[in-house]
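Engineer: The following block contains a protein sequence and its predicted model.
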Amino acid sequence: MDFSAIFPIAPEVGYIGLTLVSFLGSLIPFVPIPSFLLLATMSVGEQFNLHVLAIISAVTATAAKVIVFSISYQGRRIISEKSRKRMRPFERLVKRYGGGAAFFAAATPIPDDLIYVPLGLAKYNPKRFFIATLTGKLVLSYAIVFISHYMGLSLVEPFLEDIEDVNTIYIGIIIFGAIMTSVVILLLKLDWQKIMGRLAPWTLDENNENND
């Protein structure tokens, strides 16, 4: 399958198209793949400025993730007190390593909402979250841009060569998003007091509360 089948109007919409796809793709939990592919596609050749591509991708993705983080930050209010009590050890864990976790999630192509949602629920410092996420997104965006520009699309084309219908890609993305959403729900259901009591006993100590 040719990439033009996935993004048939990419050259025409240019930077505006990348802005929309990157923002919406990052806003919808667990489905960043379309924006990655579009960024890689636009980085090939000399039609677009590489620095502009990377910055647009990083800034719009960060803006979307700040919204996801903020919703999680406020969503804590609708969680029952019993669930919040179970999660407090996990909250202390992500608060202590929140900046590094946010940067790692942003700088790698992992499903980063698995990190951002717990950080929001743990009320991690929003400014630190923004800085870590933007820095990580810049690293990832520049990596995608330069690798695609100088090496072409040879790294991802083998994964698409046997796909004949573009709808297969979109269906796969939806299924993946549903699975990752279920994982987040599972995280909320786990007894983190018991788990952290074995792995990180310090998280059970109320004195380790962090106001960041």
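Structural biologist: Alright, I've got the coordinates.
Engineer: Going by C-alpha atoms from here, please, whenever you check contacts or count neighbours.
Structural biologist: Will do.
Engineer: Chain neighbours aside, what residue packs nearest to the most centrally placed residue in the chain?
Structural biologist: In the chain, the centroid-proximal residue (Cα atoms, centre = their mean) is residue 112; its distance is 3.2 Å. The shortest distance from residue 112 to any non-neighbouring residue, by Cα to Cα, 6 or more residues apart in numbering, is to residue 105 (4.8 Å).
Engineer: Give me the contacts around the one helix or strand the one you found maps to.
Structural biologist: In this assignment (DSSP states H and E), residue 105 forms part of helix 98-107. The set of residues external to helix 98-107 that reach it, using Cα atoms under 8 Å, 6 or more residues apart in numbering, is 94, 111-112, 115-116, 119, 124, 128-129, 132-140.
Engineer: Can you flag which of these belong to strands?
Structural biologist: In strands, judged by DSSP state E, none of those are found.
Engineer: In helices, which of the residues you listed appear?
Structural biologist: Residues from these lying in helices, with DSSP state H as the criterion: 94, 115-116, 119, 128-129, 132-140.
Engineer: hang on, isn't residue 58 packed against residue 143?
Structural biologist: No - with contacts defined as Cα atoms under 8 Å, residue 58 does not count as touching residue 143, sitting 11.2 Å away.
Engineer: Those two: who's more crowded?
Structural biologist: More crowded of residue 58 and residue 143, by other Cα atoms under 10 Å: residue 58, with 25 against 16.
Engineer: Who are the contact partners of that one?
Structural biologist: Neighbouring residues of residue 58 by Cα under 8 Å, 6+ apart: 134, 137-138, 140-141.
Engineer: filter the residues you listed to the buried ones?
Structural biologist: For the contacts of residue 58, a neighbour count by 16 or more other Cα atoms under 10 Å gives the buried set as 134, 137-138, 140-141.
Engineer: Let me know the closest of the residues you listed to residue 19.
Structural biologist: residue 141 (12.9 Å; Cα to Cα).
Engineer: if I look at the closest one, how far off is residue 24?
Structural biologist: Using Cα to Cα, to the nearest Å, residue 141 is found at 16 Å from residue 24.
Engineer: Same check on residue 89?
Structural biologist: As for residue 89, its distance to residue 24 is 32 Å (criterion: Cα to Cα).
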